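[1] sequence unknown, structure follows:
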């Protein structure tokens, strides 16, 4: 018996929390030099002069770290792919030494038009720092394999 | 006289295209090992067995590469920060050797409630591959400095 989580196993309101990962100064600078080379992410001196008062992580870095936590902790889900992301918000700055954890909550499940082997799962991801403050959130639009494919578009009796 | 682009200089419909950047196999694997370690992004053999028929870039990697192209080509804009991202969609897979370019188009400009020194600019970013096919798009919700701060919430005559 497999512990794989299929579409049929997922319900609105399901919630998981996991983590954690600490983001170092070097992590912040290394990511930003490659993908988001703005002084606020790469130059401690310049960053100290800004409203932020010091280095903060690129928003794309924070998102990528949360993605890594998802992959490390939800590998049992029969995820096919993500269709996209809605309502990505950077809520608070992430600073060197911050430790992130992630919570995901299922918002909606639905049939995928014309595709019997998968279903759609929309989940809200929220990333928190070590003080329990939300730093990032988004809605992930996922495609998840069904355990049993729908026949001719009709519902199976597997519920 | 500075060429800095302030909020007052930005109009709905403004459009820019720029690039380019080639994503190598090593880029794909290196990003994914750190942030999105799924076999479709890290394991050529396993990826070849999937519907995709080979390695594809992590969606977060593709987004980060487009961010880098933005930073390299829009440094003249008086960008304060991004409030968030709406409607991020991964439209087509990005494969080793693909060369990305980016187009940004201003969708909306608006006053920022209670903040006289900035304005809001909403832009659609679209990333294209070397065949001119869209591979990613999103709407970026930006805060941009005004050249002249609003006084008491009234419009300046700087338009």
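    Noted; the coordinates are in hand. Keep in mind the model is a prediction, meaning the values are calculated, not measured. Numbers count the residues shown, from 1 in each chain, chains lettered A, B, ... in the order given.

[2] Could you report the neighbour count for residue A:70?
    20 (other C-beta atoms under 10 Å in any protein chain shown). To be clear about C-beta, it is placed using only N, CA and C from the backbone, and glycine gets the same treatment.

[3] And the one 3 residues further on, by the same measure?
    Counted with other C-beta under 10 Å, the burial measure for residue A:73 works out to 15 neighbours.

[4] Would you mind confirming that it is in contact with residue A:16?
    Yes - using C-beta atoms under 8 Å, residue A:73 makes contact with residue A:16 at a distance of 7.3 Å.

[5] you'd agree residue A:11 is in a helix?
    No - counting by DSSP: H, G, I helix; E, B strand; the rest coil, residue A:11 is not part of a helix but coil.

[6] which SSE is the closest residue in space to it that isn't next to it in sequence in?
    Closest residue to residue A:11 apart from its sequence neighbours, by C-beta to C-beta, 6 or more residues apart in numbering or on different chains: residue A:106 at 6.5 Å. According to DSSP states H and E, residue A:106 maps onto strand A:99-111.

[7] So the longest helix along chain A, near chain B or not?
    The single longest helix within chain A, with elements called by DSSP state H, is helix A:59-73. Yes - counting by C-beta under 8 Å from any C-beta of the partner chain, chain B is contacted by helix A:59-73 at A:59, A:60, A:63, A:64, A:65, A:67, A:68, A:71.

[8] that older thread, pLDDT of the next helix or strand after the strand holding residue A:106, averaged?
    Remark: after strand A:99-111, the chain's next helix or strand is strand A:118-128, criterion DSSP H and E. For strand A:118-128, the mean per-residue pLDDT is 97.

[9] Relative to the whole chain's centre, how far out is the very next helix or strand once past strand A:118-128?
    Later in the chain than strand A:118-128, the nearest helix or strand by DSSP H and E is strand A:134-145. Per C-alpha atoms, centre = their mean, to the nearest Å, the displacement of strand A:134-145 from the mean C-alpha position of its chain is 5 Å.

[10] Buried ones in strand A:134-145, by neighbour count?
    Of all the residues in strand A:134-145, those buried under the rule 16 or more other C-beta atoms under 10 Å in any protein chain shown are A:135, A:136, A:137, A:138, A:139, A:140, A:141, A:142, A:143, A:144, A:145.

[11] per-residue confidence at the residue nearest to the fourth one when sequence neighbours are not counted?
    The reference is to residue A:138. Of all residues not flanking residue A:138 in the chain, residue A:88 sits nearest, at 4.0 Å (C-beta to C-beta, 6+ apart). Per-residue confidence (pLDDT) for residue A:88: 98.
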